[in-house]
Structure formats: C-alpha cells, structure tokens
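In: here is my input, please return the structure:
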Amino acid sequence: MEYTNKRMLLNKRPIGMPEDDCWIQDKKIIRSIKKNQIIIKAEYLSIDPYMRGRMNDSMSYATPAKLGEPMTGETIGKIIESKSNIYKVGDIVCVHKGWQSFIVTNDTDLSLYKIPKSTIPITYFLGAAGMPGRTAFFGLHKIGKPKKGETIVISAASGAVGSIVGQLAKNIGCYVIGIAGGKHKCDYVKNVLGFDECVDYKEDKFVENLNNNCAHGIDIYFENVGGKVTKAVAPLLNKGARVPVCGFISKYNSEDLFNDSPFSVFKKLNPKPKHRFFVNIEWMDEWDNCTNELVKLLEDKKILYRECVKDGIENAPEALRDVLSGKNFGKQLIRI
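Out: Here you go, the predicted structure:
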C-alpha cells in the first residue's frame, strides 16, 4: 500500500521571528518498509519553544535541525504497518521524527515508545504526561527540591510546563505564585489551577505587584521566560534559593541569545542562587516512573491541563509563532 507523506521541511535559518518562508511543504510517497521497521500515521504534532533554537545553526544542547529535512518535533500516532517483533499494528506510539504525516522508523529508534494504557486522552502524552510534564517534574524535584511551606514563583505559569510545575508544588504544600500575560491567563492560573496568586507581567505595576505578593521572598524560581520577568524576580530571591532554568523564551528570537540572559542576571547577585539549565533527558532512566506518576495525577484530577489545537500540518509555522509570542493558551498541538 502507498502513503502520501505530507512534510514541512526546514528551508532556511530565521532571523528573529520565523516567517512562513523558513519552511517548504512537500510530499513523499512511502511504498514499503524493511525488516524491523514500522509505519506510523501521525495524529498530533507537539509545538514547543525549544524548536526555535533548533532552527539556528549554532552549538546547543542538541544538534540543529537540518535544512531540507522535516522540522524537528514529537508526534503521536497509530502504527498502520509493522515488520517489527516489538511493535504491532494498532499500537499508539510517540516518536520524535518531525513535522510529517506518516513516519517510517526502526523499532530500535530511541525516541519511539508505546504509550501506556490509561483513561486520559492520548494527546496528554505530548503534554502533561509527556515531555513538558517530565520537564516540570524533574526540574522541580531534581533542581528546585521543594519543601512544604516554601514560596515558589513560576513564569509562563499558564503554559504546558509552568502549569504542571505549579500544581505539583501546590500538592507538596508550597506557596505558589504564577506569572502570566493577561487577565484571562492569570484568572485561569489562580481560579482553575489553584495557584495561590498570579501576577500579570503585562500590567504597568508588574514589579510592584510581584513584590507585594512575595512578602517572604522567593525560595524557588522556575525560569521559563527571562527578560524583564527575571529582573523583577532576582532581587526577591532568598538566600539558598534554587532556580531551575527550563528556558528563556523572551530571548529565543534574539541574534545573541545569551546577552542579558537569566545567567547574566543571576551571576550578579550576592549571594548567587543555585541555578542551572536542564533538559529532561538527563533522567531518562526515571522516565517510566515519572510518566506513571503524572498519569495517575491526571487520572485523579490532581493535575488539570489545557490544550490549544490547530488543524493541519501546514499551520505548524503559525502555531510556533503563537507559542513564541505568547498568543497560545495552554499546550500547543497540531491535529494532522
């Protein structure tokens, strides 16, 4: 059987916000597979901030996306053909093979895994029970090391990672303050997710409002944004504060990513908080246990989760721009 694979290939490196001409659409016919290979019909594509960094031809914690190949990204879908002894037709799997509608891969692909049986929607394995959820879990527990009664501040609090961090911290007994952009997002963070407070960074009195809500300082700051948010948080960090640096999205379209970065802000402090950048693959040996714990919390409604879905792989560039500009609300997905 033949399959027409719609792909979005990286066409050029962007300067600033990626425009549509950074990608080119093409179609490739898939006619057969070899021993130990499978074909996956992609159903959803995850759109994440890290993608902007992969579009640059520069050194990072991961290899840059290659020109002329599908843009990097994780998808979830169903196996429709299999010559594998490990995976069978009908299995629902996640795989990191980029922006394309059909995926051929080997059953030894390290990014490939079968999602466990659960009552949550399969899309959650691209979000709260997937990479963003694991990022929240490991960043909070491995670097943040929260204790009951401590104050934690989380930037991008309504986003895929920040929303999970706050709820995990609240379950531990922390005093949880979110930072988000706009009244609608702040209302969601406080009234739906259950954060103790949420401060709107778009308001003129942002710094004053943040200070008023952090009467006892900040013990943990979960960094997702950078820029003026980091500068407002920094003076409030207590001695012994911990800062998991997940990202700093406000700088992702900058030509000089590390100029005025969170690291340059924190190194000027005395005392300096314990802070470092991290990625969830540092703890791959704990992924299964982490995923199982997140699934249980989601099934028990102890973590709530919001998605933002666009239809059509051709709309992935617009979705990425929405993520980079903060226009999206919740975990951004593409329904393929």
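
In: what are the ranges of the helices in the stretch 1-150 of the chain?
Out: 50-54, 131-138 (DSSP state H, counting those that start in this stretch).

In: what's the last one in contact with?
Out: The contact list for helix 131-138 (Cβ atoms under 8 Å, 6 or more residues apart in numbering) reads 46, 48, 74, 126-127, 160-162, 164-165, 168, 246, 278-280, 282-283, 286-287, 290-291, 293-294, 331. For glycine as for every other residue, the C-beta is placed from the backbone atoms N, C-alpha and C.

In: could you list which residues are in contact with Pro244?
Out: Gly139, Leu140, Lys142, Ile143, Gly144, Ile220, Phe222, Glu223, His275, Arg276, Phe278.

In: was I right to think the second one contacts Pro146?
Out: Yes - taking contacts as Cβ atoms under 8 Å, Leu140 lies within contact range of Pro146: 6.3 Å.

In: what touches both of the two?
Out: Ala169, Ile220.

In: returning to that earlier point: now the buried members of the contacts of helix 131-138.
Out: With burial judged by 16 or more other Cβ atoms under 10 Å, the buried subset of those is 46, 48, 74, 126-127, 160-162, 164-165, 168, 246, 278-280, 283, 286-287, 290-291, 294, 331.

In: among these, which ones are in helices?
Out: Among the buried ones among the contacts of helix 131-138, DSSP state H puts Gly162, Ile164, Val165, Leu168, Trp287, Cys290, Thr291, Leu294 in helices.

In: flag the shaky bits of the stretch 51-200 of the chain, pLDDT-wise.
Out: Applying pLDDT under 70 to the stretch 51-200 of the chain flags residues 59.

In: switch the cut-off to 90
Out: Along the stretch 51-200 of the chain, segments meeting pLDDT under 90 span 58-63.

In: can you list the domain ranges for the chain.
Out: Domain assignment for the chain by automatic domain parsing gives 3-127+306-335, 131-281.

In: out of these, which is closest to Leu298?
Out: domain 3-127+306-335 (5.0 Å; Cβ to Cβ).

In: what's the end-to-end length of that closest one?
Out: This stretch, domain 3-127+306-335, spans 18 Å end to end (Cα to Cα, to the nearest Å).

In: repeat that for stretch 111-125.
Out: First residue to last in stretch 111-125 (Cα to Cα) measures 13 Å.

In: please tell me how far the residue nearest the centre of the chain sits from Ile115.
Out: Geometric centre of the chain, nearest residue: Pro132, 4.1 Å, by Cα atoms, centre = their mean. From Pro132 across to Ile115, the span is 15 Å (Cβ to Cβ, to the nearest Å).

In: and what of Ser158?
Out: Distance, Ser158 to Ile115, by Cβ to Cβ: 25 Å.

In: now the strand or helix carrying Pro244 against helix 131-138, angle please.
Out: Using DSSP states H and E, Pro244 sits within strand 237-245. Angle of strand 237-245 versus helix 131-138, following axes from the mean of the first three to the mean of the last three Cα atoms, to 10 degrees, is 150 degrees.

In: residues touching the helix or strand just after strand 237-245, excluding its own?
Out: Using DSSP H and E, the helix or strand that follows strand 237-245 towards the C-terminus is helix 262-266. Helix 262-266 is contacted from outside by 223, 226, 230-231, 234, 243, 245, 248, 258, 272-273, 275, 277, using Cβ under 8 Å, 6+ apart.
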